[in-house]
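K.L.:
Here is the input, now give the coordinates:
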Amino acid sequence: MEDLREFVLQEEFAGPPSYGSMGRAGSSSIGHMWVVSTRRRQTPRSICFDRTLRARPTRVRGRMAAFVSCPEGSSTHSGHVVLFWREAAAWHLVSLHSHTAVNRRLDLLIARSVRVVGPRRRE
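P.N.:
Sure thing, here's the model as predicted:
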């Protein structure tokens with residue numbers, strides 16, 4: 001039986017007016033972010049449920065990684081740019097709402113800043 005325990009962090013945040021992500025609250029832009037670690041295999045299709053997506057390759061700590069831009073209405077990550085990679089026997093992804101160069105840079109910065117640790121071994 002596959003172990004499907006996951007780590008999921010979902011957050012909305014305020015950014016400067018120029019951020020322009022999900023919407024506005026007063027003079028701030030509202031952003032939406034997911035950080036996920038899972039044992040489930042991740043592919044562009046499994047992230048966005050769209051057969052036509054192409055992944056844009058990059059690297060996270062020397063490991064192959066890829067960006068996917070999910071179309072609106074496609075999945076949990078609808079309208080998001082998602083960076084995903086495999087490390088420490090799990091798949092990890094960082095997802096920000098809105099397909100912008102700023103969000104791709106933020107995805108990469110967050111991914112490179114995350115400290116991935118494996119599960120504790122049972123004694």
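K.L.:
on contacts alone, who are the packing partners of whatever helix or strand R59 lives in?
P.N.:
R59 belongs to strand 56-60 when assigned by DSSP states H and E. Secondary-structure packing of strand 56-60 (3 or more C-beta pairs under 8 Å, 6 or more residues apart in numbering; DSSP states H and E): strand 63-69, strand 80-87, helix 101-113. (Each C-beta comes from the backbone N, C-alpha and C, glycine too.)
K.L.:
Of these, which stretch is the most buried?
P.N.:
strand 80-87 (a mean of 22; mean count of other C-beta atoms under 10 Å).
K.L.:
Low-confidence stretches in the protein?
P.N.:
1-4, 20, 22-26, 51-53, 118-123 (pLDDT under 70).
K.L.:
continuing past the strand or helix carrying M33, what's the next helix or strand?
P.N.:
Using DSSP H and E, M33 sits in strand 28-38. Per DSSP H and E, the first helix or strand lying C-terminal to strand 28-38 is helix 44-48.
K.L.:
Let me see the residues that make contact with stretch 36-48.
P.N.:
If you take C-beta atoms under 8 Å, 6 or more residues apart in numbering as the criterion, stretch 36-48 is touched by 2-9, 50-51, 53-55, 66, 68, 70-71, 74-75, 77, 82, 84, 86, 89-93, 95, 116.
K.L.:
Kindly reformat the helices and strands packed on strand 56-60 as JSON lines containing distance to S29.
P.N.:
Conversion of those to JSON lines gives the following (distance: least, C-beta to C-beta, whole Å):
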{"stretch": "strand 63-69", "distance to S29": "19"}
{"stretch": "strand 80-87", "distance to S29": "15"}
{"stretch": "helix 101-113", "distance to S29": "11"}
